[in-house]
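[1] how would this look folded up:
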Amino acid sequence: MDDLARLSALRAHRHEVMNALQVVKGYLQLNRGDRALRALDRLADRMSDYSRLQGSIAPEEADLVWCAIGLGRVRVGRWCPGLCRAPDRMAAVCNFLCALDRCAAVRGVDEVLVEAVDRPRAALRLCVAGEDAGDLRGQDWTDWWHTVQQEAAVSGLRWAGVDGREALVVLEG
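    Just a heads-up that it's a prediction; the model follows:
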């Protein structure tokens, strides 16, 4: 990832943090302390995700952290170190995460959790989470995943299946 891309990711991250703080401020002004606390908890969870990710990746995977902080609706959770040591694999994963983030924004899906699982094969587990995950239900979830699959078609990744609010994407190669 070049310096311009890193600056762009940092800008996006700063924007997301400022938005979250504005939401908290608004809830406090409306005397909605419960919602302000939930918004703060969500921001703290994202910051913890970044720290955990940074501590769990191999040095060759540093671009994944820069990619993750530039995402607004996709959270990168657990990660198996060394899963994306090859530059082409890293590029495929980052391109996929960005496409997933765009699809979530378009469809109003609030949050997608991505976790890397390394058993029995290198795979990304995708889970739509959050109470404000949009108004998708039943078949709409499956249709949404198929839209994501089409728009996020990246070489080096293969969809292994969709089950309700979860999908599995396998890293090939």
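[2] neighbours of A86, how many?
    14 (other C-beta atoms under 10 Å). All C-beta spots, glycine's among them, are computed from the backbone N, C-alpha and C.
[3] and for the one 4 residues further on?
    The local packing count at M90 equals 20, with neighbours defined by other C-beta under 10 Å.
[4] now swap in A104 and tell me
    As a burial measure, A104 scores 22 neighbours (other C-beta under 10 Å).
[5] so that it lines up with my notes, have the first residue be 3 from now on.
    Fine by me, first position is 3 from now on; the one you just mentioned is A106.
[6] so how far is A101 from the nearest residue to it once chain neighbours are set aside?
    Leaving aside its chain neighbours, A106 sits nearest to R75 (4.0 Å; criterion: C-beta to C-beta, 6 or more residues apart in numbering). Applying C-beta to C-beta, to the nearest Å, one obtains 12 Å for the distance of R75 from A101.
[7] picking up where we left off before, do you know how far the residue nearest to A106 is from D90?
    Distance from R75 to D90, counting by C-beta to C-beta: 25 Å.
[8] more neighbours: which of these two?
    R75 (20 against 11).
[9] the more buried one is in contact with L115, isn't it?
    No: in this structure R75 lies outside contact range of L115 using C-beta atoms under 8 Å: 10.3 Å.
[10] contact partners for the residue nearest the centre of the chain?
    Centroid-nearest residue in the chain, with C-alpha atoms, centre = their mean: V76, separated by 2.2 Å. Counting by C-beta atoms under 8 Å, 6 or more residues apart in numbering, V76 touches A70, L99, L102, D103, A106, E113, V114, L115, V116.
[11] quickly list what it is bridged to.
    Note on V76: beta-bridge partners V114, judged by DSSP bridges.
[12] now stretch 151-169: buried residues?
    Neighbour-count burial for stretch 151-169, counted by 16 or more other C-beta atoms under 10 Å, picks out Q151, A154, V156, G158, L159, W161, V164, R167, A169.
[13] show me where this structure has helices.
    Using DSSP state H, the helices assigned to the chain run over residues 5-31, 35-58, 64-71, 89-109, 141-153.
[14] mind putting those into CSV with distance to P83 and mean pLDDT?
    Below are the helices of the chain laid out as CSV (distance: least, C-beta to C-beta, whole Å; pLDDT from 0 to 100):
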stretch, distance to P83, mean pLDDT
helix 5-31, 21, 89
helix 35-58, 6, 90
helix 64-71, 10, 89
helix 89-109, 13, 86
helix 141-153, 26, 77
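[15] I am finished for the moment; much appreciated.
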